[in-house]
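Novice: Got a predicted model here, sequence first, then my questions.
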Amino acid sequence: MRNQSMIPGILLLTALLFLPTTAGAGAPDTSGIGTVIYPAIGVNLINAPAIMGIKQLHLRANQSGDLIIAAATPGKNGDNDIIVARVDPDDATVLSWMTIGGKGDDWVGGLILDRRGRIIITGSTDSPDFPMIGGGLMTPPPKTGGKKAFLCRISPDLKTLEQSSTPVAGDGLGLALGKDGSIYMGGRTITGIFPEKWPGATPALSPGPNGFILRVNQNSWQVANATFIGGRGIDWVKAIIVNKIGDLVAVGDTDSIDFPFSEDAWQPRINSNDNAGFAVILDPELKKIKTATAINAGQTEVIHDLSIGRNDSVIITGWTSSPNFPSTRGDSYHGNGDCFVVRLSSDLTKLEDARIFGGKGMDAGRALVNEAGTFIVVAMESKSPRITGIKQPLTNPGGKDIDLLFLGPNLKLLRPEYSGTDLPDYNPALALGIGNRIILTGIAAEKGKARLFLSEHNLY
């Protein structure tokens, strides 16, 4: 674990990655896409994260407007470590940073900030020397060849790793903060047994992989409640959020035909034998599933992110290969996988709005933020040379690029923006900044190297 302060951004992140840099090797094309304020670092892509579509780049803005970035990156030993950095969004100065990891592979799956500005991350590790700090969740780190989901809490100035533990075997993929300050942690576990002292809504129906959610008391760092999510197939909890009344909303993927869907849900069952999306609402103590719906239109759906909109509606984005995926605005499926955005009623019983965006390549909604339910912004990762079916078609020069879709509360497309570089771009992450700014970060790749870029866009 290392930390440093007040080093210019490019030089610092080069040091963090322990790799030679190509600083000044050319900034991304900024024409028409807002100001790119963080143009370049050199990264070896051989070990770059690319596992099952899990995002390995995460972004948040703290109350002062500083940006918190968490990412997995190659470390000294040839495996991956985790970098967490605090960045000034105005001049891209890295204010402080920390690396976390051990001799194995360490991946980041989720990032949130609590009310005191402390940084909480989750992910997975197979490092037998992964740092273990604190009390209640102290379990042995993974043995050689094993993998565990970790949960860490870091001080706001990134000088202290306050808590660090590996509570379950598997992957940590999503985080949310409860109304009482507790931490919700979701993901995929390779076990079918939780300790009896962890009461929850549903037992495991298979030995794994199973979706799971833990509720952790921040003061004691103990698991207060836990539940499995899924059926007898393979289930992932990929993103979670707390709605306005304090219930937990979780989304993910499943191929379990016996998933505990609700009969009064929008979709009470899976409509195919392929991977389907799901959304569930649980009470704050994880003792009851209030509603669970499938998100499936006959072929494959993959969920990536969610947010809470007006009237506690649930907004979800991902990708679909289903030609019959519903659209409330007459969108047509373009083939090879399209980005979808749906807005469900607060109780998941009704489809309020649905959109499909894409071109001839594969297009996926990867990240989602919204401002008070009024403006919804989706970061779409696209392999289509041209995004069609909209009034302002987008041309993607890099072959794999990032586009921003600015939507109204009813998912009306207000404007699209090409937001990547002139290189292949991937792994977008979004945050709401101060002053009605949307902050986008992603990775631009070229000839086995990559550049982390950071750009800001006006919301209005």
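Specialist: Cool, got the structure. Numbers count the residues shown, from 1 in each chain.
Novice: Confidence-wise, which helix or strand of this structure is lowest on average?
Specialist: Between all helices and strands in the chain, the lowest mean by mean pLDDT, DSSP states H and E belongs to strand 43-44, at a mean of 28.
Novice: got the phi/psi numbers for the nearest residue to G335 once chain neighbours are set aside?
Specialist: Excluding its sequence neighbours, the residue lying closest to G335 (Cβ to Cβ, 6 or more residues apart in numbering) is K360, at 6.4 Å. Bear in mind the C-beta positions are built from the backbone N, C-alpha and C, glycine included. As for K360, its main-chain torsions (degrees, to the nearest 10) stand at phi -80, psi -20.
Novice: which residues does K360 contact?
Specialist: K360 makes contact with H334, G335, N336, S384, P385, R386 under the criterion Cβ atoms under 8 Å, 6 or more residues apart in numbering.
Novice: would you say the second one is within a strand?
Specialist: Read it as G335. No. Read with DSSP: H, G, I helix; E, B strand; the rest coil, G335 is coil and lies in no strand.
Novice: Kindly provide the distance from it to S206.
Specialist: According to Cβ to Cβ, to the nearest Å, G335 stands 34 Å off from S206.
Novice: My read is that L405 contacts L413, right?
Specialist: Yes. Applying Cβ atoms under 8 Å as the test, L405 and L413 come out as touching, 6.4 Å apart.
Novice: quick one, which of the two is more surrounded?
Specialist: A direct count of neighbours by other Cβ atoms under 10 Å for L405 and L413 places L405 higher, at 26 against 19.
Novice: Tell me the pLDDT of that one.
Specialist: L405 is assigned 94 on the pLDDT scale.
Novice: Now for it: which residues touch it?
Specialist: C339, V341, F357, G365, V377, V378, M380, L413, P416.
Novice: redo that, cut-off 10 Å
Specialist: Residues near L405 by Cβ atoms under 10 Å, 6 or more residues apart in numbering: 317, 339, 341, 355, 357, 365, 368, 376-380, 387, 390, 394, 411, 413-417, 419.
Novice: Can you tell me which of these are buried?
Specialist: In terms of neighbour count (16 or more other Cβ atoms under 10 Å), the buried residues within the contacts of L405 are 317, 339, 341, 355, 357, 365, 368, 376-380, 387, 394, 411, 413, 416-417, 419.
Novice: Keep only those of those residues that are in strands.
Specialist: Under the assignment DSSP state E, those contribute 317, 339, 341, 355, 357, 365, 368, 376-380, 387, 394, 413, 416-417 to strands.
Novice: low-confidence ranges in the stretch 151-300 of the chain?
Specialist: Residues of the stretch 151-300 of the chain meeting the criterion pLDDT under 70: 196-197.
Novice: Show the average pLDDT along stretch 306-313.
Specialist: Mean predicted confidence for stretch 306-313 is 95.
Novice: Can you measure across that stretch, start residue to end residue?
Specialist: Counting by Cα to Cα, to the nearest Å, you get 10 Å between the two ends of stretch 306-313.
Novice: What is the distance between it and the centre of its chain?
Specialist: With Cα atoms, centre = their mean, to the nearest Å as the basis, stretch 306-313 stands 17 Å off its chain's centre.
Novice: Same question for stretch 328-341.
Specialist: Chain-centre distance of stretch 328-341: 22 Å, with Cα atoms, centre = their mean.
Novice: where does the stretch 301-450 of the chain dip in pLDDT?
Specialist: 398, 420, 446-450.
Novice: Could I have the CA atoms of stretch 74-90 written out in CSV?
Specialist: The C-alpha coordinates for stretch 74-90 follow below in CSV (Å, rounded to 0.1, in the frame of the first residue of the first chain):
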residue,chain,number,x,y,z
PRO,A,74,-0.9,-4.1,-13.6
GLY,A,75,1.3,-4.1,-10.5
LYS,A,76,4.9,-4.9,-9.8
ASN,A,77,4.5,-8.6,-9.8
GLY,A,78,2.8,-8.9,-13.2
ASP,A,79,-0.6,-9.3,-11.6
ASN,A,80,-3.2,-6.6,-11.0
ASP,A,81,-3.4,-4.2,-8.1
ILE,A,82,-6.1,-1.6,-7.3
ILE,A,83,-5.5,2.1,-7.6
VAL,A,84,-7.7,4.7,-5.9
ALA,A,85,-6.9,8.3,-6.7
ARG,A,86,-8.4,11.7,-5.9
VAL,A,87,-8.2,14.1,-8.8
ASP,A,88,-8.9,17.8,-9.2
PRO,A,89,-11.4,18.0,-12.1
ASP,A,90,-10.2,21.5,-13.2
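Novice: Can you give me the buried ones in it?
Specialist: For stretch 74-90, using 16+ other Cβ under 10 Å, the buried residues are 74-75, 79-89.
Novice: now do stretch 146-156
Specialist: Under the neighbour-count rule (16+ other Cβ under 10 Å), stretch 146-156 has G146, K147, K148, A149, F150, L151, C152, R153, I154, S155, P156 buried.
Novice: so S332 sits in a strand?
Specialist: No. Assessed with three-state DSSP, S332 is coil; it does not lie in a strand.
Novice: Give me the neighbour count for it.
Specialist: With other Cβ under 10 Å as criterion, S332 counts 12.
Novice: wait, what's in contact with the closest residue to it other than its chain neighbours?
Specialist: Computed as Cβ to Cβ, 6+ apart, the closest residue to S332 that is not its neighbour in sequence is G389, at 6.1 Å. Taking Cβ under 10 Å, 6+ apart, we find G389 in contact with S327, G330, D331, S332, Y333, H334, D338, I356, F357, G358, G359, L413.
Novice: Likewise for N210?
Specialist: 170, 187-192, 194, 202-204, 227-237, 256.
Novice: wait, isn't M380 in contact with I387?
Specialist: Yes. Shown here, M380 and I387 form a contact pair, counting by Cβ atoms under 10 Å, at 7.9 Å.
Novice: which neighbours do those two share?
Specialist: Joint contacts of M380 and I387 (Cβ under 10 Å, 6+ apart) are D338, C339, F357, G358, D363, L394, D401, D403, L405, P416.
Novice: Okay, N458 and F194: tell me how far apart.
Specialist: Taken as Cβ to Cβ, the span from N458 to F194 is 46 Å.
Novice: So which of these two has more stuff around it?
Specialist: F194 (21 against 12).
Novice: Just give the nearest non-adjacent residue to the more buried one, would you?
Specialist: A226 (5.1 Å).
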